[in-house]
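**Student:** Sequence plus predicted model, see below.
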Amino acid sequence: MDREIARLDRLNLIGQMAGGIGHEIRNPMMTVRGFLQILQMKEKYSDEREYFDLMISELDRANEIIKEFLSLSKTKQLEMKASNLNNIIAELYPLMQASAFNENKQILFHPSHITIDIMCSEKDIKQLILNLVKNALEASPINSCVEIITEVDKGYFRLIVKDYGPGIPQEILSSIGLPFFTTKESGTGLGLAICNSIVQRHGAKMEIESSDKGTTFIVHFPQPNCTA
Ligand code: ADP
Ligand code: MG
């Protein structure tokens, strides 16, 4: 429990910092990006074009990290409304399937037969699903699939994202979700920290089951009402 509190404190601190400086840093960066693009077109820099590409892509990467920071900084009360979880996933499906196909992987969606209405910020739930699916795809071997399952059980709605990747080694399981914890060369280690913060703001809980046969993230949402 102490660990959980320490984690949330850390998240809040990062959130406040991000909110304060994120926007301010992004604007000048985008100005620099614009001028780099202009200079890149000049004939006299034709031999250096690849350096410009590198500078621009590094700026884009930094911008991506700041964007993720900013989602962590959302401490204000969310605008919650009842939304159909299966519809939210169906809306994201073409986008997720396209990025899976690009890597010879696929996404299977098994929606619950019962309508799942959760009180949520739709934007946040989309971000949660995209982050979990992105990780699942990154862990998935070629020609495998990622499954998204929704189900109803004992007062909870469940969102399940399952992959058939190598799993999360036992020794790092407790660090998963800490801001900046990543095992990827170009990872930010913010994806799951953002998921944790979204899950917490929705009064939900997230569980991880992992073995050498794959990893499953299970999000339990409290069930406000349920219609057949
Ligand atoms: P990032 O993806 O930028 O590394 P995340 O916070 O999304 O940051 O994930 C943190 C770490 O958790 C990853 O670097 C990886 O080691 C581990 N991880 C997350 N999801 C999975 C998964 N589905 N299978 C295996 N490892 C995972
Ligand atoms: Mg990630």
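**Tutor:** Structure's in. What do you need? Numbering: from 1, shown residues only. Ligands and ions are numbered 1, 2, ... in the order given.

**Student:** Mind giving me the packing neighbours of the biggest helix by length in the chain?
**Tutor:** Longest helix in the chain by number of residues (criterion: DSSP state H): helix 2-40. For helix 2-40, the elements it packs on are helix 49-72, helix 191-201, judged by 3 or more Cβ pairs under 8 Å, 6 or more residues apart in numbering; DSSP states H and E. No exception for glycine: its C-beta is placed from N, CA and C like everyone else's.

**Student:** if we go to 7 Å?
**Tutor:** If contacts are counted by 3 or more Cβ pairs under 7 Å, 6 or more residues apart in numbering; DSSP states H and E, helix 2-40 sits against helix 49-72.

**Student:** Can you give me the buried ones in the helix it packs on?
**Tutor:** Buried residues in helix 49-72, counted by 16 or more other Cβ atoms under 10 Å: Phe52, Met55, Ile56, Ile66, Glu68, Phe69, Ser71, Leu72.

**Student:** Same question for stretch 179-189.
**Tutor:** Quick answer for stretch 179-189 (16+ other Cβ under 10 Å): Pro179, Thr182, Thr188, Gly189.

**Student:** Go ahead and list the helix or strand containing the closest residue to the last one other than its chain neighbours.
**Tutor:** Leaving aside its chain neighbours, Gly189 sits nearest to Thr182 (3.5 Å; criterion: Cβ to Cβ, 6 or more residues apart in numbering). Remark: Thr182 resides in no helix or strand, with elements defined by DSSP states H and E.

**Student:** Are the helix or strand harbouring Phe217 and ligand 1 in contact anywhere?
**Tutor:** Using DSSP H and E, Phe217 sits in strand 214-222. Yes. Applying Cβ under 6 Å from any ligand atom, one finds strand 214-222 touching ligand 1 at Thr215.

**Student:** Now that strand: average pLDDT?
**Tutor:** Averaging pLDDT along strand 214-222 gives 96.

**Student:** which intervals of this protein have sub-threshold pLDDT?
**Tutor:** Low-confidence segments of the chain, defined by pLDDT under 70, span residues 1-5, 8, 11, 15, 18-20, 72-77, 225-228.

**Student:** Centre-most residue in it?
**Tutor:** Note on the chain: the residue nearest the mean C-alpha position is Asn131, at 2.1 Å, using Cα atoms, centre = their mean.

**Student:** Hmm, that residue is touching Ile194, no?
**Tutor:** Yes. Counting by Cβ atoms under 7 Å, Asn131 does reach Ile194; the two are 6.0 Å apart.

**Student:** Tell me the residues of this protein that contact ligand 1?
**Tutor:** Within reach of ligand 1 by Cβ under 6 Å from any ligand atom, the chain has these residues: 135-136, 139, 163, 165, 168, 176, 181-184, 187-193, 215.

**Student:** what distance separates stretch 149-156 from the centre of its chain?
**Tutor:** 22 Å (Cα atoms, centre = their mean, to the nearest Å).

**Student:** With stretch 39-57 instead?
**Tutor:** The chain centroid and the centroid of stretch 39-57 are separated by 32 Å under Cα atoms, centre = their mean.

**Student:** gap between the two ends of stretch 137-153?
**Tutor:** Start-to-end span of stretch 137-153 (Cα to Cα, to the nearest Å) is 26 Å.
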